[in-house]
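**Student:** Next comes the sequence, and after it the predicted model I'd like to discuss.
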Amino acid sequence: MQVVTERLPNAVAKISVTVDQTEVTQAMDRAFKRVVTKYNVPGFRRGKVPRPIFERLVGVGVIWEAAAKELVDVRYPVALKMAGVEPLTQPQIDIESQGIEPDEPFRFVIAVETKPEIDLGDYHDLLTSELIIPEVTPERLEEEMVQVARSQAQLVPADDEPVASGNQVVLALKGYLEEPDEDDEDLGLFAEDDDYTVQVGSRTTVEGLEDQLIGLKVGEPATIHLTYPAEHPDVDLRGKAVRFEVTVTQNKRLDIPSIDDELAKALEFDSLEVLRAEVAARLADQLEAQAKDERLQQILGKLKERVSFDLPEKLVEEAVSQRVAEVQNSLARMEITFDQYLESRQIDRSELEAELRPQAEMVVRDRLILETVAQREGLSVTDEEMVAPISQLAQIYRQTLENMAQLLHQQGDFEKMRSELLAHKAGEFLASTVYSIDEVYAKEDERGYDQQLPDPNGSGADQPG
C-alpha cells in the first residue's frame, strides 16, 4: 500500500491511498463470498451460484462495492498511522477508483482535520536567559502576614463610626436617571433596594459609588451623582448620568487580629515562628511559579513570532465552548443565569463566542506549540503519572480510582488528560531549562541544523562549522 500525504489549509490533511491489485483481488474474492448468500438465483441454492454466472446475472458492481468498503475500512487506520496523522473530526473519504479493473490498483482519498505539522526550528537559543526568582524580602513577608491576619478578620458592628474603606454596609437605595424620558411615570426610577449590601473598596459596584459612601453615618441620607461607563453590561444605563438616594442602615468594619501566637494557634500552627516559616515557604513557591510563568509566556511569545500554522477548527471550537462554560460557572456563583447575562448585554450566544474566540485561539496555539516541544524533547506522561490527577477527580466525584479511570476512558477524556499533563510538562521544561550558548550549539548540531543561530546578546554570532 502506498500513502501520500498533502497538508491543506485550515489544518486539513489529504491522504491519497493506493492498494495494489493483489490485495484488491483478494478483497473481491472475500466480498463475493459475503454477497452471494444475499441473492436468490434461479436454478441454484442460495450461496452456491458460480461467480461467473453471478456476475453475469447480478452484476460485478455489488461485489466491487463490498470489496471497496472492506478495503477502506481495513486500510483507513493503517493509512493514518503511516501518514502520522491524528484525526480530530470524522474524515471525508472519496473513492477515486470507479470499478475493479484488471491489473489496476484501488485508490481512495482521505480528507480529515488534524493537528498541524509545526516546525519550531532551532528554538533552544530562547532558553539561554536566566530564570530570575525574586527573593522573599522581610517587607514582602510582612505584607503576606498582614493578608493572613486579614483572612481571619471578623465583621463587627460599627454603627457609631463613619463608613470607611473595607467596611461592609447595608443601604436603603433608590437610583434615578438624571434625564428620564418624558413619558416615564416613575421619574427615571431604575433601581430600588432596601437591603443593598456593599463591600466598600471592593470595586464591585458602579464606579464612584463606593468612594462616595466613605464618611457617611448610619441613618444619614445622602445623594450620590455619577455616570455609568460606556462599556457597562446594562446597555440601558451605558453613559447615563444618574443619582442615588441612599441611607446607610448598617455599618460593619473588619476586626483584624494581631499577628501573634494566638493567630498562629487559630490557624493550627504551634507558634507564630512556625506560621511565619510556612507563609515564607508558600510565598517562595508563589514567586517561583510566577517567575516561571513569565519566562514561559516570553518564550511562547517569541516562538509564535517565528512560526505560523493553521489552527484546527475542531480544537478552537472546543476551547471556545470551555470558555463559555467558565462564564456560565462564574455567573452561577453570582446567582445570575446565562440568559440574564446575555440579555443584559444585548447579545446572543454566537456573539459571546465570537468575543471569546481570540483568547481560545491563543490557548490552542500555545497548546500545539507545547505539544511539539514535548515531542522534540522526548517528553511523555506515564500511566503512573496519571494516577495523581485521576485520584483527585475520584475524590471529588466519590469514585474509586479504577471506576474514575474507566469513566474517563469511556468519555474519551483519558488521553485528553494525558495530553494536558504533557503540555504542562513541556511548559515546565521551557520555563525551567537554562542552556549556555555552547550547549545550544551542541544540541542543534546533534539534530543536524545548520542555520545561523541568533546571538542572545544581539550581535549575530555565526554558528561554528
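**Tutor:** Yes, it's here.
**Student:** looking at it, E207 is touching A230, isn't it?
**Tutor:** No: counting by Cβ atoms under 8 Å, A230 is not a contact partner of E207; they are 11.5 Å apart. The way it works is simple: take the backbone N, C-alpha and C, and place the C-beta from them, glycine included.
**Student:** and the residue nearest to A66 when sequence neighbours are not counted, what does it touch?
**Tutor:** Excluding its sequence neighbours, the residue lying closest to A66 (Cβ to Cβ, 6 or more residues apart in numbering) is A31, at 3.8 Å. Listed by Cβ atoms under 8 Å, 6 or more residues apart in numbering, the contact set of A31 reads I63, W64, A66, A67, E70.
**Student:** can we see that at 6 Å?
**Tutor:** Shown in contact with A31 (Cβ atoms under 6 Å, 6 or more residues apart in numbering): I63, A66, A67.
**Student:** any idea which of those is closest to L393?
**Tutor:** The closest of those to L393 turns out to be A66 (Cβ to Cβ; 44.9 Å).
**Student:** Check the closest one and give its pLDDT.
**Tutor:** According to the prediction, A66 has pLDDT 92.
**Student:** element containing it, please.
**Tutor:** A66 belongs to helix 60-83 when assigned by DSSP states H and E.
**Student:** Let me see the residues that make contact with that helix.
**Tutor:** Residues outside helix 60-83 that contact it (Cβ under 6 Å, 6+ apart): 3, 5, 15, 17, 19, 27-28, 31-32, 34-35, 95, 99-100, 106, 108.
**Student:** Repeat that for stretch 244-253.
**Tutor:** Residues from elsewhere that reach stretch 244-253, judged by Cβ under 6 Å, 6+ apart: 155, 157-159, 163, 167-175, 216, 218, 221-224.
**Student:** In PDB, list the C-alpha atoms belonging to it.
**Tutor:** Presented in PDB, the C-alpha positions along stretch 244-253 are these (Å, rounded to 0.1, in the frame of the first residue of the first chain):
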ATOM      1  CA  PHE A 244     -28.700  57.500  44.000                       C
ATOM      2  CA  GLU A 245     -30.600  58.500  47.100                       C
ATOM      3  CA  VAL A 246     -29.100  56.400  49.800                       C
ATOM      4  CA  THR A 247     -29.200  55.900  53.600                       C
ATOM      5  CA  VAL A 248     -26.800  53.700  55.400                       C
ATOM      6  CA  THR A 249     -28.800  51.300  57.600                       C
ATOM      7  CA  GLN A 250     -25.900  49.100  58.800                       C
ATOM      8  CA  ASN A 251     -22.100  49.600  59.100                       C
ATOM      9  CA  LYS A 252     -19.600  46.900  59.900                       C
ATOM     10  CA  ARG A 253     -15.900  47.000  60.000                       C
END
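**Student:** For this structure, which segments count as helices?
**Tutor:** Taking DSSP state H as the test, the helices found in the chain are 21-35, 51-57, 60-83, 138-151, 209-213, 261-266, 272-306, 313-333, 338-345, 349-376, 383-396, 401-411, 414-432, 437-446.
**Student:** now these as TSV including distance to G201?
**Tutor:** What follows is those, written out as TSV (distance: least, Cβ to Cβ, whole Å):
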stretch	distance to G201
helix 21-35	76
helix 51-57	87
helix 60-83	58
helix 138-151	12
helix 209-213	6
helix 261-266	23
helix 272-306	24
helix 313-333	21
helix 338-345	25
helix 349-376	29
helix 383-396	34
helix 401-411	43
helix 414-432	35
helix 437-446	50
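**Student:** To G43, which of these lies closest?
**Tutor:** G43 sits nearest to helix 51-57 of all those, at 8.9 Å, using Cβ to Cβ.
**Student:** Among E207 and A230, which residue is more densely surrounded?
**Tutor:** Legend: neighbour count by other Cβ atoms under 10 Å for E207 and A230, higher for E207 (12 against 8).
**Student:** which non-adjacent residue is nearest that one?
**Tutor:** Nearest non-adjacent residue to E207, counting by Cβ to Cβ, 6+ apart: P229, 6.3 Å away.
**Student:** count of neighbours near that neighbour?
**Tutor:** Using other Cβ under 10 Å, the number of residues around P229 comes to 13.
**Student:** can you tell me how far it sits from T249?
**Tutor:** From P229 over to T249 the distance is 27 Å, taken as Cβ to Cβ, to the nearest Å.
**Student:** Skipping adjacent residues, who's closest to the residue positioned nearest the centre of the chain in space?
**Tutor:** The residue lying closest to the centre of the chain (Cα atoms, centre = their mean) is A319, at 5.2 Å. Among residues not flanking A319 along the chain, A360 sits closest, at 3.6 Å (Cβ to Cβ, 6+ apart).
**Student:** need the contact list for I214.
**Tutor:** So I214 contacts V163 (Cβ under 6 Å, 6+ apart).
**Student:** per-residue pLDDT, it?
**Tutor:** I214 is given a pLDDT of 95.
**Student:** try A13
**Tutor:** Turning to A13, the model gives it a pLDDT of 91.
**Student:** May I see the PyMOL selection of the buried members of the contacts of stretch 244-253?
**Tutor:** Buried subset of the contacts of stretch 244-253, written as a PyMOL selection, criterion 16 or more other Cβ atoms under 10 Å:
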select buried, resi 158+163+167+168+169+170+171+173+174+175+216+218+224
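**Student:** which regions of the stretch 351-465 of the chain sit below the pLDDT cut-off?
**Tutor:** Applying pLDDT under 70 to the stretch 351-465 of the chain flags the ranges 441, 443-465.
**Student:** Output the below-cut-off pLDDT ranges for the protein.
**Tutor:** 98-103, 183-186, 441, 443-465.
**Student:** According to the record, where do the domains of it fall?
**Tutor:** 2-113, 154-255, 309-446 (automatic domain parsing).
**Student:** Figure out which of these is closest to L131.
**Tutor:** Within the domains of the chain, the stretch nearest L131 is domain 309-446; the backing value is 5.9 Å (Cβ to Cβ).
**Student:** roughly how far out does the closest one sit from the chain middle?
**Tutor:** Using Cα atoms, centre = their mean, to the nearest Å, the mean C-alpha position of domain 309-446 is found 4 Å from that of the whole chain.
**Student:** quick revisit: so the residue nearest to A66 versus E70, what's the distance?
**Tutor:** 6 Å.
**Student:** next one: E192
**Tutor:** For E192 relative to E70 (Cβ to Cβ), the value is 73 Å.
**Student:** for T137, same thing?
**Tutor:** 72 Å.
**Student:** Then V4?
**Tutor:** According to Cβ to Cβ, V4 stands 22 Å off from E70.
**Student:** Comparing those two, which shows the higher neighbour count?
**Tutor:** The neighbour comparison of V4 against E70 (other Cβ under 10 Å) goes to E70, with 16 against 12.
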